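Asks: what's the 3D shape of this:
(chains A and B, ligands or ions: 5)
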Amino acid sequence: MTTTPITGTPPSPAPATELVTVTVDGKTQQFPKGTVLLEACNQMGAGVPFFCYHPGLTSPAVCRQCLVDVKGQPKPVPSCYTPVADKMEVMTKSPRALDVRRQMLEFTLVNHPIDCPICDKAGECLLQKHYFDWDAKLARNDGIKVKKAKVVDIGPRIVLDQERCILCTRCIRVCDEVAKTHQLEMADRGDHEVLTTAPGHQLDNPYSLNTVDVCPVGALTSKDFRFAMRAWELYTTPSICPGCATGCNIEVHHSHGKIQRLIPRQNDQVNEHWMCDEGRLTYKRVHAQRLAAPMSGGVPVDWDRALDDAGRALRVALDAGPAQVGVVMNAQSTNEDLYALARLTFDHLGLGKVYLAGLDQGWSDDILVSADKNPNTAGAMAIGAGRLRTLLDLANDLKSGAVTTLLVVGTHGVIGKDGAPGALPLDRLTTLVVVGTHRDEVTAAAKVALPLAEWAESDGTFTNRLGMVQRVRAAVPPAGDSLPGWEILSHLARKLGATMEFTEAKTVFAEAKQKLPFMKDAEWGRPLLPVQLRFAGSRG
Amino acid sequence: MAVGVKVVNRPGSLAQQAYLPAIAEGLGVTFRHFVKNFFGNVTGNRKKTDIATMEYPEEKMKYPERNRGLHRLMLRDDGQVRCVACMMCPTVCPAHCITIVPEEAPDGRIEKRPMIFEIDELRCVVCGLCVEACPCDAIRMDTLDHAKPTYRRVDAILDKEELMSRGIQSTAVQGGVGAFWRERVGGQPQTPPAGAVVPAGAPHGPTPLRDHGHK
Ligand code: SF4
Ligand code: SF4
Ligand code: SF4
Ligand code: SF4
Ligand code: FES
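Replies: Ligands and ions are numbered 1, 2, ... in the order given. Below you'll find the model as predicted:
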C-alpha cells in the first residue's frame, strides 16, 4: 500500500485482456479494458489527486478531487469512477480541470482545522500533499470554521477527530468491504456532516486499524501509535507479519532501533492492502522481556564461554547416548534457522527425536486470519519432512525418561499459555540447552541459554499457508548480544565437531534452496537499506 | 648572469632620515592618549576616553534585541507550556540536541504536549533554526543570556521546567480563543500585507512520489 499510493497497480482488470488505447495529456498508451481512468492517468505520470478512491475498495466518487476533462464530455468527469474507453482523450491539466480541482480542494479545506502540528498524519497526509502540489495559496475563506468533536473514542484501538475528517467514506468502506461489518456511518448534512459509529456499534472489528491506514487525513488515529512519532522520523523495512500462517506482507516502521508500528504492504496474492489488528501488535514482543546476554548456570557470560559450555554439555550427552537427546524446532523460526538446525540434528548428529513447537492455535476467519498462529509452520513441516514429533510426544518422552537432554531452538509456545497441552516436565531433564529470544520459563530452566534474534532482527524467509516463501528482513538491530539462529547453530556445530560454515543468512538460503524442493522458486531479493519516510512521499 | 640591483632613491629631508623627530612625535601621541584615558577613567568620564575594552564583569555588553541566547519555552495564558510537541524543532535542529517525548494532554483542546523537553546546550550550535521552525511561538532564544558554564556535562542539559522558568506569555492568542486575527491586525482580508511571503502560485503539478525501493 505504501509503495503504491498513486501509481498503484489497477484493481485486477477484467480477465479478458482486451486492450484499449487512451491518450492522456497528449501521450498515448494501451490499457486493459475496465481499467479505472484514474489509475491509467497516474500510471502515465499525470499525478491526478484523489481522496475517496482506494485501489482496494469500491469507488463512490464522493470527493470530486479526481476530476479530469475528457474530450467530448460536457463536464469534467471523476476519473476514479470512469473506466477507460477506446480512443479516449483525457486532459488532466486543462485550465478547467485544474480550476475545478482547485475549487474542490478549497471546498475540502473550508472547515478543516489545519491541526498539522499535532496531527499524527502530518507528513503522510494526502490533503497536505495535494495542497502543496496543486494549490499552495493563502486561504480566501474568512468565515469562522464549523467546530466539531475532537478526540472521540470510537473503539478500543482508534480515536476519531471529526474536524479533520474530509468525509471521503474510505473508512466506512473498509469496514463494510474488508471486515464485512457496518460499524461507521455519516451523520447530518452539509457543513455539519460528521463521521460517527453506526447506532449500537463501536469500531472494534478485527481489521479496524486498516481504517487508520486508508484515512487520507488524520481523522482516525491509532491509539497504539498516537503521538509516538512523527511520520517523517520513521524508517521503513519491508517484511512479513509473524502473527499467523497467512503471512501478510508488511512494512516495519522503526526509528532509533525500535519498531513503532507495522502497516500492510500490498500483495494481491496474500493480503491485498490489509492486515489484521492482532498482527499489528506482534512487534511488541520484539522489545519486551528479551534475553539479552548468553547465560550459563543462571549467570550472564560471554559468547565464547556460553558456546563452550553448551557444546560440552551436549557432547557429554551425545557420548552417553544419542537416543536420549531430543531437539525442539519452532514454527516461529525462519526457514534458514530451521534448515541450519535440521542439518545439525539430522545430517551431522544423526538424531531422531525432533519435536516441533509453536504458539497454540487461535481464532480464525475467512478474510485473512489463520488459526495457526505461527508464520512458518509450512516451512518447518517441509524441512522436517515427516520426521517431526509433537510437543505431546515430547511430554511423554520426558515423563518416561526417553529423553534426558534437550536442545530447544526458539521457545515460543514450548510451554503453552495455560500449561496444557505443552506442560512439559522440564525438571526431569539432566541437560537443557536453549537458544531463545525471551526470558521465559524455558530459558530460566536452561543450563545454558543463548540469546536468539527475533523475527524483525534477522534476515530470512517464512513459508505461509499457501506455500509461498516470503522474505523477512532485519529492521532493527538484535536485542543485546543476541544473534540469528543459523549463526548460533554454526558456532554450536563447530563446538560439536561438525562443519557447518555459514557466513550470512543468504548462504543458508542458497543452500536450502538447492536442497529443498519447496524453496526451489524462492527469491532472496536485492539488498535494501531502510528508507526514511521523510523522503518517500505520502501514504493514505 | 649577474644579479641586477636597482637602487631606489627615497626622497626625504635630513630630519626624516634621522628618524628621531618621528619617534618623538609618536611618543607624543601615545602620551596624549595616556593622559586622556588615565584622567578620563579616573574621573569616570568614560565617553571622553578611547578605551574600546569592556571592563567585564563590572560592565556588560548590551546585546542587540535579536541576539540568539539561551533557549526558553513560552507559556500559555494559564501558565502551561505552549509547546505541542510537534517535533519541528528536533527535526530541523542540525545538532540533534533537542529531545522531546510527547504525551496526550488531559485538556482535549490541546491534545498533545511534551512530557519531556530537553535541550543539550553543549551540543547546540546556537543557529536559531528551532525558533524559526516552531509553528506555535513556543520556543525562543531571546533571553539575552548565555548557557551557563557547568562542572558536569549533564548540567548543561536543560529540562522542561528550567526552560519554562524563563518563559513568558506569548503575544499570540491561544487556541483560536479571542479576537479573530484579522480583526486584531485590522488588515484587509483578501490582500496579504505588503512584504508577506506568499507561496508561489499553483499549480506546481505533482511532486513525484519516491518509490520506497521495494514492492
Ligand atoms: S475518517 Fe478519514 S477515512 Fe473516514 S471518512 Fe473521514 S477522512 Fe475519510
Ligand atoms: S492475518 Fe495473520 S499474517 Fe495477516 S496480519 Fe493478521 S496475524 Fe498477521
Ligand atoms: S539553536 Fe540550532 S542547534 Fe541549538 S537547539 Fe536550536 S536548532 Fe538546535
Ligand atoms: S517546534 Fe515549537 S511546538 Fe514544535 S516541538 Fe518545538 S517547541 Fe514544541
Ligand atoms: S477520488 Fe474520484 S471522486 Fe474521490
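Asks: if I look at the closest residue to A:Asp459 other than its chain neighbours, how far off is ligand 5?
Replies: Leaving aside its sequence neighbours, A:Asp459 sits nearest to A:Ala505 (Cβ to Cβ, 6 or more residues apart in numbering or on different chains; 4.1 Å). (Each C-beta comes from the backbone N, C-alpha and C, glycine too.) Using Cβ to the nearest ligand atom, to the nearest Å, A:Ala505 is found at 42 Å from ligand 5.
Asks: List the contacts of A:Ala505.
Replies: By Cβ atoms under 8 Å, 6 or more residues apart in numbering or on different chains, the contact list for A:Ala505 reads A:Thr334, A:Glu336, A:Ser458, A:Asp459, A:Gly460, A:Pro484, A:Trp486.
Asks: would you turn the residues you listed into JSON lines with neighbour count, secondary structure and pLDDT?
Replies: Shown next, in JSON lines, are those (neighbours: other Cβ atoms under 10 Å in any protein chain shown; DSSP: H, G, I helix; E, B strand; the rest coil; pLDDT from 0 to 100):
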{"residue": "A:Thr334", "neighbour count": "30", "secondary structure": "coil", "pLDDT": "97"}
{"residue": "A:Glu336", "neighbour count": "30", "secondary structure": "helix", "pLDDT": "96"}
{"residue": "A:Ser458", "neighbour count": "24", "secondary structure": "coil", "pLDDT": "94"}
{"residue": "A:Asp459", "neighbour count": "22", "secondary structure": "coil", "pLDDT": "96"}
{"residue": "A:Gly460", "neighbour count": "29", "secondary structure": "strand", "pLDDT": "96"}
{"residue": "A:Pro484", "neighbour count": "26", "secondary structure": "coil", "pLDDT": "96"}
{"residue": "A:Trp486", "neighbour count": "30", "secondary structure": "helix", "pLDDT": "96"}
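Asks: where does the chain dip in pLDDT?
Replies: Assuming you mean chain A. A:1-16, A:417-422, A:535-540 (pLDDT under 70).
Asks: meant chain B, my bad for not saying
Replies: Applying pLDDT under 70 to chain B flags the ranges B:1, B:11, B:41-50, B:173-215.
Asks: thinking again about what came up before, near ligand 2, from the contacts of A:Ala505?
Replies: Subset of these in contact with ligand 2: empty, counting by Cβ under 6 Å from any ligand atom.
Asks: And the next helix or strand past the helix ranked longest in chain B?
Replies: Ordering each helix of chain B by length in residues (DSSP state H) puts helix B:20-42 first. Next helix or strand after helix B:20-42 toward the C-terminus (DSSP states H and E): strand B:72-73.
Asks: does ligand 3 sit close to that following strand?
Replies: No: Strand B:72-73 stays clear of ligand 3 (Cβ under 6 Å from any ligand atom), getting no nearer than 11.8 Å.
Asks: Strand partners (parallel or antiparallel) of that strand?
Replies: strand B:139-140 (antiparallel) (DSSP bridges).
Asks: and the strand it pairs with, does that touch ligand 4?
Replies: Yes: judged by Cβ under 6 Å from any ligand atom, strand B:139-140 and ligand 4 are in contact via B:Ile139.
Asks: I'm curious whether that strand, anywhere along its length, sits up against ligand 3.
Replies: No: counting by Cβ under 6 Å from any ligand atom, ligand 3 has no neighbours in strand B:139-140; the shortest distance is 7.6 Å.
Asks: ok now that strand, how far from the chain's centre?
Replies: Offset of strand B:139-140 from its chain centre (Cα atoms, centre = their mean, to the nearest Å): 11 Å.
Asks: what's it in contact with?
Replies: B:His71, B:Arg72, B:Leu73, B:Met74, B:Cys83, B:Cys89, B:Cys130, B:Val131.
Asks: cutoff 10 Å now
Replies: B:68-74, B:82-83, B:88-89, B:98, B:117, B:119, B:128, B:130-134, B:163, B:166-168, B:170 (Cβ atoms under 10 Å, 6 or more residues apart in numbering or on different chains).
Asks: circling back: from the contacts of A:Ala505, which single one is nearest A:His201?
Replies: Taking Cβ to Cβ as the measure, A:His201 sits nearest to A:Thr334 out of these, at 39.8 Å.
Asks: what sits against the closest one?
Replies: By Cβ under 10 Å, 6+ apart, the contact list for A:Thr334 reads A:240, A:242, A:340, A:375-376, A:379, A:410, A:453, A:455, A:458-463, A:471-472, A:484-486, A:505, A:508-509.
Asks: and it, how far is that from chain B?
Replies: Computed with Cβ to the nearest Cβ, to the nearest Å, the distance linking A:Thr334 and chain B is 18 Å.
Asks: so where does the closest residue to A:Tyr339 other than its chain neighbours fall, helix or strand?
Replies: Excluding its sequence neighbours, the residue lying closest to A:Tyr339 (Cβ to Cβ, 6+ apart) is A:Ala512, at 4.1 Å. Using DSSP H and E, A:Ala512 falls within helix A:505-515.
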